Each structure stands twice: as C-alpha cells, then as structure tokens.
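Participant: please work out how this folds:
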Amino acid sequence: MNTQQTFEKALSRIRPALQGVFDEIFGLPNRPDEVCIEFGLDVQAEVGAFIAAASTTSNFKVTLTWHPSSSGSDT
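Facilitator: Model (predicted):
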C-alpha cells in the first residue's frame, strides 16, 4: 500500500464523520452564520515483505459563529 492509497483510505474513513457533523449543524433550528471545521489526520503505514499495515487517527475542531441580528427592536 503506497502513501497515496493510505491517504485516500484515511479520507474515505472520515467522510461519514464529516457528513454527520454537517447533518447535525444544518439540522439546528437556529443555524450558525459561520461554520469552521478543521480536521487533522495522522496516517501511519508499515510495509513488510508480505504484510502491509496502516492506521489512521483523526480529530475534529468545530467552531460555530452566530452574528447579532441587524433587525433589532431599538429602531
């Protein structure tokens, strides 16, 4: 398994998690004005004579921002 294949496999594993985050955020009754999702991947691959092993670790940081409404009742 080469580095490109390992990276693509890692991305395919986090797609469902990212989709779950998006579904939850866009299902909120009061949606945020801004959404920032940062993710990190730690990809490790070991290749032996006949055995290839790969492991991935991922982490997410989600930041949601709401801006005050410009249509206040003080006008």
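Participant: so, low pLDDT: which residues of the protein?
Facilitator: For the chain, applying pLDDT under 70 flags the ranges 1-6, 43-56, 70-75.
Participant: residue ranges of the helices in it, please?
Facilitator: 3-26 (DSSP state H).
Participant: which non-adjacent residue is nearest Leu67?
Facilitator: Not Leu; residue 67 is His. Of all residues not flanking His67 in the chain, Asp33 sits nearest, at 4.6 Å (C-beta to C-beta, 6 or more residues apart in numbering). Where C-beta positions appear, they are placed from N, C-alpha and C, glycine not excepted.
Participant: in this structure Trp66 contacts Asn30, no?
Facilitator: Yes. If you go by C-beta atoms under 8 Å, Trp66 and Asn30 touch, sitting 7.3 Å apart.
Participant: now the residue nearest to His67. Its backbone dihedrals?
Facilitator: Asp33 adopts backbone torsions of phi -80, psi -30, taken as degrees, to the nearest 10.
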